[in-house]
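Undergrad: Below are the sequence and a predicted model for it; my questions follow.
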Amino acid sequence: MHDDLSAGHWLSQQLRLLARGDLAAIAQGIVAWRANDEPALRDLARWLRVTRDGAEARLQSEQMGQSLLTWLRAQPMASPDQLARLSDCGEAGPAHYAFVMALALSTIDVPLEQALFTQAFGWAENQVQAALKAVPLGQTAGQRVLTRLAAEIPAAVAEAVSTPPARRQLFAPMLSILAARHETQYSRLFRS
């Protein structure tokens with residue numbers, strides 16, 4: 001990436017990957033948490049754990065999940081039973097970020113699509129902030145990228161909602177290869 005066009009293109013591809021992967025998982029998780037569907041929650045937790053390519057991606061997901069869980073425990077949103085179920089469904093390890101986010105979003109009284117729009121826009125805003133520093137982009141260029149992503153979010157949410165569990169996927173082999181090449185770097189700006 002070297003400018004707002006290349007950053008926008010890259011992030012647009014990442015949004016499509018998010019839609020059929022973690023955003024679809026969050027959508028299914030919200031439904032499962034609201035229905036207290038224990039088998040679906042266990043399957044989702046297992047899928048999230050096995051789809052992280054390499055230790056770095058798994059640790060990032062777990063660290064973000066634990067940070068969100070710390071916040072969630074301080075809120076009056078999730079019940080003690082739901083918080084306990086995070087550990088039960090997490091299978092030998094901390095809960096993945098998407099799993100905890102699904103619980104958090106399931107506790108608010110909004111339609112599924114609205115919860116996913118919020119999640120996707122938060123993701124887009126975060127990615128643009130990272131691009132402002134890493135590419136680097138100026139503020140105006142960053143706003144152009146965010147505007148592009150915001151226009152693509154409705155289609156991403158529609159895809160996430162319509163993706164059944166058996167079709168959820170995160171197939172991005174080049175991204176996995178690139179992540180593996182820097183997994184043991186000495187220092188980094190962000191945990192990626």
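TA: Structure's in. What do you need? Numbering: from 1, shown residues only.

Undergrad: any idea how far L15 is from A155?
TA: Distance, L15 to A155, by CB to CB, to the nearest Å: 9 Å. Every C-beta, even on glycine, is put in place using the N, C-alpha and C of the backbone.

Undergrad: Compare these two (neighbour count), which wins?
TA: For L15 versus A155, neighbours defined as other CB atoms under 10 Å are more numerous around L15 (21 against 12).

Undergrad: show me the contacts for the more buried one.
TA: A120, W123, A124, L149, E152, I153, A156 (CB atoms under 8 Å, 6 or more residues apart in numbering).

Undergrad: count of neighbours near the last one?
TA: Other residues lying near A156 total 24 when counted by other CB under 10 Å.

Undergrad: just the fourth one next, same as before
TA: Taking other CB under 10 Å as the neighbour definition, L149 ends up with a count of 22.

Undergrad: Can you report phi and psi for it?
TA: Main-chain dihedrals, L149, degrees, to the nearest 10: phi -60, psi -40.

Undergrad: Quick check: closest non-adjacent residue to it.
TA: A124 (4.0 Å; CB to CB, 6 or more residues apart in numbering).

Undergrad: So the one you found sits against A150, correct?
TA: Yes - A124 is in contact with A150 according to CB atoms under 8 Å; the separation is 6.6 Å.

Undergrad: Between the two, point out the one with more neighbours.
TA: Shown here are A124 and A150; by other CB under 10 Å, A124 has more neighbours (24 against 14).

Undergrad: mind listing the helices for the protein?
TA: 4-20, 22-35, 38-50, 54-73, 80-89, 97-106, 112-134, 139-162, 173-181 (DSSP state H).

Undergrad: other SSEs contacting the third one?
TA: Going back to what we said before, that points to helix 38-50. helix 22-35, helix 80-89, helix 97-106 (3 or more CB pairs under 8 Å, 6 or more residues apart in numbering; DSSP states H and E).

Undergrad: Just say which of these is most tucked in.
TA: Among the helices and strands packed on helix 38-50, helix 97-106 has the highest mean neighbour count (mean count of other CB atoms under 10 Å), at a mean of 25.

Undergrad: So which elements touch that helix?
TA: helix 22-35, helix 38-50, helix 54-73, helix 80-89, helix 112-134.

Undergrad: relative to helix 112-134, how tilted is that helix?
TA: 130 degrees (axes from the mean of the first three to the mean of the last three CA atoms, to 10 degrees).

Undergrad: got the contact list for helix 97-106?
TA: Under CB under 8 Å, 6+ apart, the answer for helix 97-106 is 22, 25-34, 41, 44-45, 48, 61-62, 64-65, 68-69, 72, 77-78, 82, 86, 89-90, 115, 118-119.

Undergrad: That one - what's its average pLDDT?
TA: Average pLDDT, helix 97-106: 96.
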